[in-house]
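Enquirer: Got a sequence here, can you build the structure:
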Amino acid sequence: MTDQSQRGPTLARTVNLPQLALYGLGSMLGAGIYGLIGKAAGEMGNAVWLAFLVSMVAALLTGLSYASLGSRYPRAGGAAYVTQRAYGLPLLTYLVGLTVMASGLTSVATQSRVVAEALTRLPLFDGTPVLPLALGFLLLIAGIVYRGIRESMWVNILCTVMEAGGLLIVIAVGLPYWGGVNLLEVPPASGGIGPTLLLQGAVLTFFSFIGFEDTYNVAEEVKDPQRTLPWAIIIAMACATVIYLAVAVTAVSVVPWQELATASAPLVEVAHRAAPWIPGAVFVVITVFAVSNTALLNYIMASRLAYGMARLDLLPRALGRVHARRRTPHVAIAVLLAIVTALMLSGDIAQLASATVLLLLAVFTIVNVALLVLQRRTAEVKGAFEVPSFVPAAGAAICALLFCNRLFTGDWQAPALAIGLLAGIVVLYLVMRPKCVDKLDEAESLPLE
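Expert: Down below sits the predicted model:
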């Protein structure tokens, strides 16, 4: 075990509860909801709000597991750390860590192009090539993350207010339409509201809640993390649920669900019909902020995960270095910039991004079971936020069910890429042969205040 001077600079604890709650909310809210609502309406009709409600319950179980784990082990690396602690299998930890990191990096690469394309629709950037804008965006995001966690949190607050504001605008202009439709009407071919229909809707809308887990990766930069982290996850998920339910009710109240399902930009169509006086550029700007925020938070998550895995000797130790002045993992940030730039330049990676999102369900299953394992060890210190065993058990079962449902239904490209990605990670593990030194005790020695 090393002392502070031997260990070098550490991450700075500056994040408070409101900032962390907005961090979690910003991770969940995003441009995805603007398109997702249409797909969900096609499955559920006017009862689309029920899909969000069911998926929230399913996501909340895993969210509570993460909250409990965060209160027990508030360390960077999140899922990778608890996987190693619970199972003691470096290869499994490596798979979990790199899967989560890959989901973040593919997301950032995809979003850089989305932002660039959205900017070209604004007069200021009319005629500007997409590629330079995307590269400039990546450099800007990397610069913010390098600058410091405090600055990153302020940018996140601004972006979260903007993206939540866009959804609140939709709700506000559509509020007079509430009560005008039967909110239990479903497509005739669905056979009525039943378990099968609810499962199909929940599979679609579950992914709108993904992002709560990102809060765990900044645990070493949070003040009083044992208490702050659980409450931040719960508050963020509660706020996201209220917003999603209100948006769902508003959308089908303003636009018939049949038309909503075929609209290219469903919520923009809702706003246009309810308030045609709102300029279209408003939603372009909101989209830029929403997608930029998701990219920023994914970049933070990936850099902290790389830092945490380096601390476990599962990645090169250089990735665990912290800048003495900025107090950020600057080496990890620079390396990830090179990787995400290469991904962006490689072209359309939408299917790869879908594959990594699919694998997140497997990660959630593993993490839920990890909490069950750790709860049964008498030597493990309990956290400030404990949950009964049925919570992680139910969370693991639901995530495994959703994973299998997606794996064996729908198109084959994403599952095939997911399997290929896992095989690639295993090969990388065998080539790199990380030392796999058990450094959990050293990590536990970090000061929490």
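Enquirer: Give me the below-cutoff pLDDT ranges for the stretch 1-150 of the chain.
Expert: The model of the stretch 1-150 of the chain has pLDDT under 70 over residues 1-7, 31-32.
Enquirer: Helices along that one, start to end?
Expert: Using DSSP state H, counting those that start in this stretch, the helices of the stretch 1-150 of the chain run over residues 4-7, 17-28, 32-44, 48-72, 79-87, 90-119, 130-147, 149-174.
Enquirer: Show me which residues of the third one are buried.
Expert: Within helix 32-44, the residues that qualify as buried are 32, 33, 34, 36, 37, 38, 39, 40, 41, 42, 43, 44, counting by 16 or more other Cβ atoms under 10 Å. The way it works is simple: take the backbone N, C-alpha and C, and place the C-beta from them, glycine included.
Enquirer: now, which of these sits nearest residue 143?
Expert: Of all the buried residues of helix 32-44, residue 143 sits closest to residue 32, with 25.2 Å by Cβ to Cβ.
Enquirer: any idea of the angle the helix or strand that residue 236 is a member of forms with helix 17-28?
Expert: Following DSSP states H and E, one finds residue 236 within helix 225-254. Here helix 225-254 runs at an angle of 50 degrees relative to helix 17-28 (axes from the mean of the first three to the mean of the last three Cα atoms, to 10 degrees).
Enquirer: List the contacts of the next helix or strand along the chain from helix 225-254.
Expert: Next helix or strand after helix 225-254 toward the C-terminus (DSSP H and E): helix 257-262. The contact list for helix 257-262 (Cβ atoms under 8 Å, 6 or more residues apart in numbering) reads 37-39, 41-42, 44-46, 48, 185, 187, 251-252, 266, 269-270.
Enquirer: Out of those residues, which is nearest to residue 408?
Expert: Checking the contacts of helix 257-262 against residue 408 by Cβ to Cβ gives residue 39 as the nearest, at 19.6 Å.
Enquirer: Thought residue 205 was touching that closest one, still the case?
Expert: No. The pair residue 39 / residue 205 is not scored as a contact, 9.0 Å apart, by Cβ atoms under 8 Å.
Enquirer: which element follows the top helix by length along the chain toward the C-terminus?
Expert: Taking DSSP state H as the criterion, the chain has its longest helix at helix 280-311. The first helix or strand that comes after helix 280-311 along the chain, using DSSP H and E, is helix 330-345.
Enquirer: Torsion angles phi and psi at the residue nearest to residue 81 when sequence neighbours are not counted?
Expert: The shortest distance from residue 81 to any non-neighbouring residue, by Cβ to Cβ, 6 or more residues apart in numbering, is to residue 75 (4.9 Å). Here is the backbone geometry of residue 75 (degrees, to the nearest 10): phi -130, psi 150.
Enquirer: measure residue 75 to residue 430 for me?
Expert: 26 Å (Cβ to Cβ, to the nearest Å).
Enquirer: Those two - which one has more neighbours?
Expert: residue 75 (26 against 9; other Cβ atoms under 10 Å).
Enquirer: where does the stretch 301-449 of the chain have low pLDDT?
Expert: Residues of the stretch 301-449 of the chain meeting the criterion pLDDT under 70: 410, 435-449.
Enquirer: Tell me how far the nearest residue to residue 425 once chain neighbours are set aside lies from residue 147.
Expert: By the measure of Cβ to Cβ, 6+ apart, the closest residue to residue 425 outside its immediate chain neighbours is residue 98, 4.9 Å from it. Using Cβ to Cβ, we find residue 98 at a distance of 26 Å from residue 147.
Enquirer: And residue 324, by the same measure?
Expert: 14 Å.
Enquirer: Looking at those two now, which is surrounded by more residues?
Expert: Per other Cβ under 10 Å, whichever of residue 324 and residue 147 has more neighbours is residue 147, with 15 against 9.
Enquirer: Give me the neighbour count for the closest residue to residue 386 other than its chain neighbours.
Expert: Ranked by Cβ to Cβ, 6+ apart and with sequence neighbours excluded, the top spatial neighbour of residue 386 is residue 68, at 5.9 Å. Counted with other Cβ under 10 Å, residues neighbouring residue 68 total 25.
Enquirer: Now stretch 221-229: buried residues?
Expert: Under 16+ other Cβ under 10 Å, the buried positions of stretch 221-229 are 221, 222, 225, 226, 227, 228, 229.
Enquirer: If you could redo that for stretch 190-200, that was the one I meant.
Expert: In stretch 190-200, counting by 16+ other Cβ under 10 Å, buried: 190, 193, 197, 198, 199, 200.
Enquirer: try stretch 327-342
Expert: Buried positions in stretch 327-342, judged by neighbour count with 16+ other Cβ under 10 Å: 327-333, 335-337, 339-341.
Enquirer: Just name the closest of these to residue 80, please.
Expert: residue 332 (13.4 Å).
Enquirer: so what's the nearest residue to the closest one once chain neighbours are set aside up against?
Expert: Of all residues not flanking residue 332 in the chain, residue 306 sits nearest, at 4.0 Å (Cβ to Cβ, 6+ apart). Taking Cβ under 8 Å, 6+ apart, we find residue 306 in contact with 101, 315, 319, 329, 332, 335, 336.
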